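# quick check, what structure comes out for this input:
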Amino acid sequence: MNPAKPNAAPRLTSRALAAVAAFLVLAGAGLWIVMTPSRSGTALIGGPFQLQTADGKTITDADLKGHPFLVYFGYTHCPDVCPATLAQISDVLQRLPDKPIRALFVTVDPERDTPALMADYVSSFDSRIVGLSGTPDEVAKVEKAYRVYARKAPTKDGDYSMDHSSIVYLMDARGAFVEAFNLDRTPEASAKELAGYL
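The predicted structure is shown next:
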């Protein structure tokens, strides 16, 4: 009787399990970062920032106070997660026509994402989504304030992608962090919650 040939399935299963485990670790770490409270009992998310729009205008955290807003970090070369998330945010905002709510799309890749490129990218979504960029130092400060994980991941062709946390931050009218905004529900349900902060 011939000995059985090794089966490749366990190896594939192990790789799949490793990928799932890595994803769960990153997701868990992201949630831990967002939800870890300070000594005052509030999460250490948000704070002063200064970034640029395509027309050269500087937007600061003070410009957004008075109305709730959403903040999402990503980059224009992102193949799937970033455009999908921005589409979800657009679906929510479209359920709140003419409401003074903005969503910020802040790049984690300021070397490639100029303010003009960010503006062109977000033009495919709801007009209340504002694309923001800045110098690497300015972006790094905002990432730190929002406890964002982001790093370069070199690709085989000599280019790079960006590994980054994917959390939509809900900030209230005072600019204080409320929660990681849940988009895994109907746009109507998300819009109803967002409207409660107006």
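# which residues in this protein form helices?
Secondary structure of the chain by DSSP state H: the helices cover 9-35, 81-94, 115-122, 136-145, 187-195.
# pretty sure F125 is touching D91, no?
No. Counting by C-beta atoms under 8 Å, D91 is not a contact partner of F125; they are 9.6 Å apart. In short, each C-beta sits where N, CA and C put it, glycine included.
# who has more neighbours, these two?
F125 (20 against 17; other C-beta atoms under 10 Å).
# shaky segments in the chain?
By pLDDT under 70, the low-scoring segments of the chain are 1-43.
# may I have the phi/psi pair for the residue nearest to V142 when sequence neighbours are not counted?
The shortest distance from V142 to any non-neighbouring residue, by C-beta to C-beta, 6 or more residues apart in numbering, is to F49 (4.5 Å). Per-residue torsions, F49: phi -150, psi 160 (degrees, to the nearest 10).
# residues in contact with F49?
Taking C-beta atoms under 8 Å, 6 or more residues apart in numbering, we find F49 in contact with 60-61, 138, 141-142, 145.
# over to P187?
For P187, counting by C-beta under 8 Å, 6+ apart, the contacting residues are 88, 91-92, 94-95.
# then V122?
Taking C-beta under 8 Å, 6+ apart, one finds 86, 105, 129-131 in contact with V122.
# export the residues you listed as TSV, with columns for distance to G175 and neighbour count.
Output for the contacts of V122, formatted as TSV (distance: C-beta to C-beta, whole Å; neighbours: other C-beta atoms under 10 Å):
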residue	distance to G175	neighbour count
L86	22	23
F105	17	26
I129	18	20
V130	15	20
G131	19	27
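# between all of those residues, which two are separated the most?
Greatest spacing in the contacts of V122, by C-beta to C-beta: L86 and V130 (11.4 Å).
# D159 and D98: what is the separation?
To D98, D159 is 41 Å away according to C-beta to C-beta, to the nearest Å.
# sounds good, over and out.
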